[in-house]
Structure formats: C-alpha cells, structure tokens
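K.L.:
Coordinates only, no sequence provided:
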C-alpha cells in the first residue's frame, strides 16, 4: 500500500499530476484554517482535491488571469504542472501554475496551385537512355 493510499489528503500534491501538466477550471477560491494559519485554497471543477496556494502560485494565477481579485477567478482555466523546486537546500516536487495553453489551431490545408498545361509532356520513356 502506498502512503498516499494509507493517508489520503484532500489537497493536491505534485505526485497527483503524474508528471504531466493538467488544465483545470477554477470552481472557487476560499480561505481555510490549516494548522494555525489561514490559507487561500482553490477548488477545481471535476475533482474533490484542492490546491493550497503559496505566494508564488497566487502571483502566477494573478498574472495568468489578469486579476489579483480572487472573486474574478472562478470559471477560468489554468494549467497546473509538476516541477522541482529548492526547499531548505533540497530539491522537492511542487505544483506550479501558469496560464492555460490556448487550443492549438488545426493545421491549415496545403494550398494547391494549379500548374498550367503548356502541352509539353515533359520527360518520356523515350528520353531515358536505359
């Protein structure tokens, strides 16, 4: 049994992202008392797990969404991604936030330019010496 199974958490951890970026939609932003502090906690549509914001992620979301007012954030999409950060002299996995990548446009159809037929058949089998 894994530690995460033995001690489930309602808060997201970097391991929950399984090494890949995930686009999420913000459902709500609230304050919660965690241990002896009040923390900003973000809930997302489609998952029960929440993200406790540190200052770095708060600023990243603020810049991605263009607002420092958390009342403006619900309904917005952001990308959560795992990365290594330095923490007390050690590299640890952490979640970071950025703007949701816009959907990639479909590749345009190649433009076919008609070639005028000038009556020249080009190279024929008779022109090849072997």
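P.N.:
Good, I have the coordinates. Quantities reported herein were computed from a predicted structural model and do not represent experimental measurements. Numbers count the residues shown, from 1 in each chain.

K.L.:
only C-alpha atoms for contact and neighbour calcs from this point on.
P.N.:
Fine.

K.L.:
now the strands: where do they sit in this structure?
P.N.:
22-34, 37-44, 50-52, 77-87, 90-99 (DSSP state E).

K.L.:
Quick one, which of the ones you listed gets closest to residue 11.
P.N.:
strand 50-52 (4.7 Å; CA to CA).

K.L.:
Now tabulate the strands of the chain in TSV and tack on mean pLDDT.
P.N.:
Listed next are the strands of the chain as TSV, based on pLDDT from 0 to 100:
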stretch	mean pLDDT
strand 22-34	96
strand 37-44	96
strand 50-52	97
strand 77-87	95
strand 90-99	95
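
K.L.:
deepest of those strands, which one?
P.N.:
Among these, ranked by average contacts under mean count of other CA atoms under 10 Å, first place goes to strand 50-52 (a mean of 19).

K.L.:
wait, what's in contact with the closest residue to residue 84 other than its chain neighbours?
P.N.:
If the residues on either side of it in the chain are set aside, residue 84 comes closest to residue 93, at 4.5 Å by CA to CA, 6 or more residues apart in numbering. By CA atoms under 8 Å, 6 or more residues apart in numbering, residue 93 lies in contact with 14, 15, 82, 83, 84, 85.

K.L.:
Closest one to residue 23 out of those, please.
P.N.:
residue 82 (12.2 Å).

K.L.:
Help me confirm that the closest one comes into contact with residue 94.
P.N.:
Yes - using CA atoms under 8 Å, residue 82 is in contact with residue 94, at 5.7 Å.
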